[in-house]
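Visitor: Output the structure for:
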Amino acid sequence: MVAGTLQAQSDKEAKKKEREERRLKRISLFRELEEGENNYERDFSIGGRLNTDGWSGFIELGYRKSRKIVNYFQFEFAEKKHPKEDKKPGRFVPIGDFAYSEKPYIYGKRNNFYQAKLGMGQRYLIGGKGNKNGVEVSAIYYGGVSVGLLKPYYLTVEDPTDGLAKDIKYGTDSFLDTAAFINPSRIIAGAGFGKGWGELTVVPGLHAKAGLRFDWAKFNEVVSALEVGVNAEYYTKDVPIMVDQDPKKFFFNAYLSLQFGKRWNRK
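Guide: Below you'll find the predicted structure:
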């Protein structure tokens, strides 16, 4: 009986010790996720960017090269906005005792300018977050190719010859149409986002950027990052965005972006 009692106590102590070891292991793994150095081999994220001359959205895939360096690829779609753009309401149309406004338009806008960008860069670790409430700081440098897409901007105007409404773009063959495009008294409304997609002009170019990235995610397997930096782009042809402004090939802007995603290790 004494031997049996001792054996039972020994088994209970062994099971208790085993449970404690499992608990400590879970705590250790949890701490690895939420604090300490990030050593995951892959990461994927999506994000949006506000530029001083427009906006963009992007997807990013990263591959860890070493403890401090991560190579990453990024695809981005963006639109350039000219600082002189001025959105105006469409013409007011009375209906009995009421009135409604036609679609707003941007006075003097000649083309929408979109860009599809593909590039490769590196993130260089400046400072790890150290604990779950810390922030990981990295320097980034990046470059790649751009495919600029010029889409004619259409307005609905009052035809000077017959007074009927029609959609026109700047630089048509008709002198009267071109004059109506920049005559506020003739403009009725913006023709809508769908006009002009069949008349795209492709403008090849290059782009590069540099900045700082701050990742504040509590868990290392999660990407929650803010990035600030500067971006430069050069295109092989002049890009005319506004009627009364000179076209240009080189663009320079500052940006602020937010992105979210996850990290993992290869199987």
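Visitor: Check the gap between the nearest residue to residue 82 once chain neighbours are set aside and residue 227 for me.
Guide: Closest residue in space to residue 82, ignoring its immediate chain neighbours: residue 241 at 4.5 Å, by Cβ to Cβ, 6 or more residues apart in numbering. For glycine as for every other residue, the C-beta is placed from the backbone atoms N, C-alpha and C. Residue 241 sits at a distance of 26 Å from residue 227 (criterion: Cβ to Cβ, to the nearest Å).
Visitor: And for residue 16?
Guide: Remark: distance between residue 16 and residue 227 (Cβ to Cβ) = 49 Å.
Visitor: can I see the domain layout of this structure?
Guide: When the chain is parsed with automatic domain parsing, its domains come out as 1-34, 38-264.
Visitor: Please work out which of the ones you listed is packed deepest.
Guide: domain 38-264 (a mean of 16; mean count of other Cβ atoms under 10 Å).
Visitor: Let me see the mean pLDDT of that domain.
Guide: In this model, domain 38-264 has a mean pLDDT of 93.
Visitor: what's the first-to-last distance across it?
Guide: Domain 38-264 has an end-to-end distance of 10 Å (Cα to Cα, to the nearest Å).
Visitor: and if you look at stretch 190-209?
Guide: End-to-end distance for stretch 190-209, by Cα to Cα: 34 Å.
Visitor: what does stretch 237-246 give?
Guide: Across stretch 237-246, first to last residue, Cα to Cα, it's 13 Å.
Visitor: now do stretch 233-244
Guide: Start-to-end span of stretch 233-244 (Cα to Cα) is 22 Å.
Visitor: likewise stretch 163-177?
Guide: End to end - Cα to Cα - stretch 163-177 spans 12 Å.
Visitor: Same question for stretch 91-109.
Guide: End-to-end span of stretch 91-109 (Cα to Cα): 17 Å.
Visitor: so how far is it off the chain centroid?
Guide: Distance of stretch 91-109 from its chain centroid, counting by Cα atoms, centre = their mean, to the nearest Å, is 32 Å.
Visitor: cool, stretch 90-100 as well?
Guide: Chain-centre distance of stretch 90-100: 38 Å, with Cα atoms, centre = their mean.
Visitor: neighbouring contacts of it?
Guide: If you take Cβ atoms under 8 Å, 6 or more residues apart in numbering as the criterion, stretch 90-100 is touched by 101, 102, 103, 104, 105, 187, 188, 189, 190.
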